[in-house]
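Asks: test case, fold it:
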Amino acid sequence: MKKIKTALLSYGMSGRVFHAPFLELHAGFELIGSWERSKKLIQNDYPQVKSYDSLEELLADDIDLVIVNTPVETHYEYAKKALLAGKHALVEKAFTTTAAEAEELLAIAKEKNLKLTVYQNRRWDSDFKTVKQVVDQGLLGDIVEAEFHFDRYNPNLSPKMHKETANAGAGIIKDLGPHLIDQALYLFGYPDAVFADIRTLREGSLVDDYMDILLYYPDKRVRLKAGFFVREAISAYAVHGKKGSFLKSRGDIQEDVLKTGEKPNLTTWGTEPQDKAGLLHTEINGEVVRKTIPTLQGNYYDLFDGLYISITQDKEEPVTAKDGIRTMRIIDAAVASSEQKRSIDLKE
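Replies: Model prediction:
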């Protein structure tokens, strides 16, 4: 099996939790090392790998794939350097700070014949996979309305300074926004227009921390919300069709389990508690039914497996750069909409 030699651009929470465990699990990847600016931690967990002192040192090494898991405002610069050095790139969300930056990265990847993927791991969450299955199976009929939430109760500012310092990559619209937007586009396609209300509600915050985005489609209305003052959360996913509704709480366990240091596997991983099952209330074969739907397993391994196939077999990436560009266009439009207090028409 061909090995994809892979390097991380940081080994903080993202590298330790979301990337290294799956690179270790997948037989097709070989973790070569990580760029570490101050704390040298990766060799405590993976003694055989390298700790690079600079990006230039990392890019000069025998690396096939670079994972850009640094603060959002650096994504464009670092991904561009990786691509120009002839490396495939997996870029964390938000892909870039603007759609224009994302489009330039895609142009470079095409010119260099390299794979460029966006780490939209929430497509492989157990809760969203279940929502997608219900919609794809037509259990609700034609969809007329959907509302996705990424709600939390945490009025305190993050200790991660890059998240709370005013910069082009900070704020909830670039943090949680890409998750919700990507899921909506993956499920429903690209909308005609966007209206958004983006605010700063936490005391002392320098960045936006509340978002309410409406995506306009000819036949449906999709609302995306995220904020830090929701102590009692409602359904994370509410999808309504002409036959019925499906309600699902946010129940994916992967992030919480990974943070404990538990390693992923290919069998029992990503299994939600049964009491998190979603509620289906619809009409099937002329009969009204109201029942819970078993939740599918989530597994971020599938994103890495898709990327491995993409690189080794020259197939389409599991999340394409074009997907990332569309998400960034929605974000750009949402910011403009909130500033101008009007809807923004979209063009592909």
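Asks: in the longest strand seen in the chain, which residues are buried?
Replies: Of all segments of type strand in the chain, defined using DSSP state E, the longest is strand 143-151. Neighbour counts over strand 143-151 (16 or more other CB atoms under 10 Å) mark 143, 146-151 as buried. Heads up, the C-betas are built off the backbone N, CA and C, glycines and all.
Asks: one more: stretch 63-82?
Replies: 63-76, 78-82.
Asks: ends of that stretch, what's the gap?
Replies: End-to-end span of stretch 63-82 (CA to CA, to the nearest Å): 10 Å.
Asks: how would you label residue 174: helix, strand or coil?
Replies: helix (DSSP: H, G, I helix; E, B strand; the rest coil).
Asks: grab the nearest non-local neighbour of it.
Replies: Distances taken as CB to CB, 6 or more residues apart in numbering place residue 94 nearest to residue 174, at 4.2 Å, with adjacent residues excluded.
Asks: mind telling me what element that neighbour is part of?
Replies: Using DSSP states H and E, residue 94 falls within no helix or strand.
Asks: was I right to think it contacts residue 176?
Replies: No: using CB atoms under 8 Å, residue 94 makes no contact with residue 176, being 10.0 Å away.
Asks: settle it for me: which of those two has more neighbours?
Replies: residue 94 (28 against 24; other CB atoms under 10 Å).
Asks: so how far is residue 340 from that one?
Replies: 21 Å (CB to CB, to the nearest Å).
Asks: could you do residue 241 as well?
Replies: Counting by CB to CB, the gap from residue 241 to residue 340 is 32 Å.
Asks: what of residue 258?
Replies: Residue 258 sits 40 Å away from residue 340, going by CB to CB.
Asks: more crowded one of the two?
Replies: Each of residue 258 and residue 340 has its neighbours counted (other CB under 10 Å); residue 258 has more, 20 against 10.
Asks: surely that one and residue 20 touch.
Replies: No: Residue 258 lies out of contact with residue 20 (CB under 8 Å); the separation is 9.9 Å.
Asks: now stretch 233-252: buried residues?
Replies: 235-241, 243-252.
Asks: how far does it stretch from start to finish?
Replies: End-to-end distance (CA to CA), stretch 233-252: 15 Å.
Asks: need the residues that contact that stretch.
Replies: Stretch 233-252 has contacts (CB atoms under 8 Å, 6 or more residues apart in numbering) with 122, 125-128, 130-131, 134-135, 139-151, 270, 272-273, 276, 278-283, 293, 295, 298.
Asks: residue contacts, the spatially most central residue of the chain?
Replies: In the chain, the centroid-proximal residue (CA atoms, centre = their mean) is residue 120; its distance is 2.8 Å. Applying CB under 8 Å, 6+ apart to residue 120 gives the contacts 93, 178-179, 182, 186, 303, 319, 323-324, 327.
Asks: what's the answer for residue 293, then?
Replies: Contacts of residue 293 (CB under 8 Å, 6+ apart): 130, 134, 246, 277-280.
Asks: for residue 297, same thing?
Replies: Residues counted as contacts of residue 297 (CB under 8 Å, 6+ apart) are 126, 129, 269-271.
Asks: doesn't it fall inside a strand?
Replies: No: with three-state DSSP as the criterion, residue 297 is assigned coil and is not in a strand.
Asks: let me know the pLDDT of the closest residue to it other than its chain neighbours.
Replies: In space, and not counting its chain neighbours, residue 297 is closest to residue 270: 4.7 Å by CB to CB, 6+ apart. Listed pLDDT for residue 270 reads 97.
Asks: is it true that residue 270 touches residue 255?
Replies: No: with contact defined as CB under 8 Å, residue 270 does not reach residue 255; the gap is 10.4 Å.
Asks: hang on, the earlier thing: residues near the residue nearest to residue 297, how many?
Replies: For residue 270, using other CB under 10 Å, the count is 22.
Asks: SS state for it?
Replies: Once three-state DSSP is applied, residue 270 turns out coil.
Asks: which element is residue 215 on?
Replies: Here residue 215, judged by DSSP H and E, is contained in strand 210-216.
Asks: for that strand, name the packing helices and strands.
Replies: helix 172-175, helix 177-188, strand 193-199, strand 221-227, helix 321-340 (3 or more CB pairs under 8 Å, 6 or more residues apart in numbering; DSSP states H and E).
Asks: pull the contacting residues for residue 282.
Replies: Going by CB under 8 Å, 6+ apart, the list of residues near residue 282 reads 139-141, 241, 243-246, 288-289.
Asks: for the strand holding residue 215, what is the average pLDDT?
Replies: 98.
Asks: now do that strand: everything it contacts.
Replies: 172-173, 176-177, 180-181, 184, 188, 191-201, 221-229, 330, 334, 343.
Asks: just the buried residues of these.
Replies: 172-173, 176-177, 180-181, 184, 188, 191, 194-196, 198, 222-228, 330, 334.
Asks: perfect, that will be all.
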